[in-house]
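*Asks:* My questions concern the predicted model and sequence given below.
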Amino acid sequence: MVAWSLFSSDIAIDLGTANTLIWAKGHGIVLNEPSVVAYDRTTRQLIALGHEAHAMIGKTHRDIRVVRPLKDGVIADFEIAESMLRAFIRRVTNGMLPPRRVIVCVPVGITEVEKRAVRDSAEQAGAKDVYLLAEPMAAAIGVGIDVHEPTGNMIVDIGGGTTEIAVIALSGIVAEESVRIAGDEMTNAIIQYFRRQHNMLIGERTAETIKCQIGSAVPLEEEYEIEVRGRNLVTGIPQMIRVTSEEIRHALEEPITVIVQAVLSLLERTPPELAADIYDRGIVLTGGGALLKGLDRRLEEATELPVHVAEDPLTAVVRGGGKVLEEFEAYQSVLLKPRRL
Ligand code: ADP
Ligand code: MG
């Protein structure tokens, strides 16, 4: 990273609700960290960033606040989001040359105010030209789809805060659906389940681990069982219980149903010629939520279409942003226009 900063100054950023990834032109992915910051409550000064801040979740004292500024897919806290973005950019440029051209991948549902905030932050970090790229478009490019051709492709990107579903053809998004139900809601559903069924309070990180290890969307060939530690809500003391993947599947039912319904709803609104293409090609899943066991099968059953999980789904968006950066002229048409005063 240190050497890179001297030579290149173009980057693409996947500013995700859960993870931020940065691609440096000619170098590939140079940063992959949780979108988390820890700051001092009184001075609002940044204390920690990324992995370091993530490790502090649920373990801080009252002077420190640990937040995910983009939590719900939108910018929940402008000031903090801005300093996080600036700090990440500074980290990869190592405080040397500021980036010249910056592509930021943003949710399709982003408002004008949020777009402005994203551009302002990148400009504050020294960027000369800031371009915005819709996340599902970036994901499609990242998984190797030729987005320029007149063929319909459906991408379902399941992140932390939002699920973004889009039909892409001829370098544009033809139809889209965005719901604020994704990985975080799955994690939250597990927390609620323990509270209701076991009178037990478990932390967010514990719940996320359970989800990733044994969470599923369809019955598994081999069901799992794991030990979970938390605090008993009645006695108030720490406790350990064993849970099965069947139980967790049950807990995840609600958010999964919402995602399935959103996919069905967009399929209904897809123009028939493009629907025919999707029938042939199937649906591609990206984002960390795509890794939930059996989610592809669940969507296959609901849609009766082939569903594929992208290779390395967590990096699809930034790889797409990277490709746009590397072949900038060929991909002009997929970008949102830069702001000109
Ligand atoms: P974003 O683009 O919003 O930053 P990501 O695409 O990075 O989101 O995905 C993060 C989400 O994916 C988190 O909610 C995380 O818990 C979830 N996730 C990561 N790995 C898995 C897994 N193996 N099973 C289920 N969910 C996963
Ligand atoms: Mg994402």
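*Replies:* Thanks, I have the structure now. Numbers count the residues shown, from 1 in each chain. Ligands and ions are numbered 1, 2, ... in the order given.
*Asks:* need the residues of the stretch 1-150 of the chain near ligand 1, please.
*Replies:* With CB under 6 Å from any ligand atom as the criterion, the stretch 1-150 of the chain meets ligand 1 at residues 16, 17, 18, 19. C-beta here means a position set from N, CA and C on the backbone, and glycine is covered the same way.
*Asks:* want to throw these into a markdown table with pLDDT, secondary structure and neighbour count?
*Replies:* Formatted as a markdown table, those follow (pLDDT from 0 to 100; DSSP: H, G, I helix; E, B strand; the rest coil; neighbours: other CB atoms under 10 Å):
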| residue | pLDDT | secondary structure | neighbour count |
| --- | --- | --- | --- |
| 16 | 93 | coil | 26 |
| 17 | 92 | coil | 25 |
| 18 | 95 | coil | 22 |
| 19 | 97 | strand | 23 |
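*Asks:* What are the buried residues along the strand or helix carrying residue 130?
*Replies:* Here residue 130 sits within strand 129-134, counting by DSSP states H and E. Neighbour-count burial for strand 129-134, counted by 16 or more other CB atoms under 10 Å, picks out 130, 131, 132, 133, 134.
*Asks:* out of everything not next to it in sequence, what's closest to residue 191?
*Replies:* residue 207 (4.8 Å; CB to CB, 6 or more residues apart in numbering).
*Asks:* That neighbour touches residue 183, doesn't it?
*Replies:* No - using CB atoms under 8 Å, residue 207 makes no contact with residue 183, being 10.9 Å away.
*Asks:* The residues of the stretch 1-150 of the chain next to ligand 1: which two are farthest apart?
*Replies:* Farthest pair in those (CB to CB) is 17 and 19. Separation: 8.3 Å.
*Asks:* Overlap in contacts, these two.
*Replies:* Between them, residue 17 and residue 19 share these contacting residues under CB atoms under 8 Å, 6 or more residues apart in numbering: 35, 160.
*Asks:* sorry, back to before: output the strand holding residue 130 as PDB, nothing but the C-alphas.
*Replies:* The C-alpha coordinates for strand 129-134 follow below in PDB (Å, rounded to 0.1, in the frame of the first residue of the first chain):
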ATOM      1  CA  ASP A 129     -13.500  13.800 -10.300                       C
ATOM      2  CA  VAL A 130     -16.000  11.800  -8.400                       C
ATOM      3  CA  TYR A 131     -18.300   9.400 -10.200                       C
ATOM      4  CA  LEU A 132     -21.200   7.400  -8.700                       C
ATOM      5  CA  LEU A 133     -22.000   3.900  -9.900                       C
ATOM      6  CA  ALA A 134     -25.200   2.000  -8.800                       C
END
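*Asks:* List the buried residues of the helix or strand following that strand.
*Replies:* Scanning forward in sequence from strand 129-134 by DSSP H and E, the next helix or strand is helix 135-142. Under the neighbour-count criterion of 16+ other CB under 10 Å, helix 135-142 has 135, 136, 137, 138, 139, 140, 141, 142 buried.
*Asks:* again with stretch 294-312
*Replies:* For stretch 294-312, by 16+ other CB under 10 Å, it's 294, 295, 296, 298, 299, 300, 302, 303, 305, 307, 309, 310.
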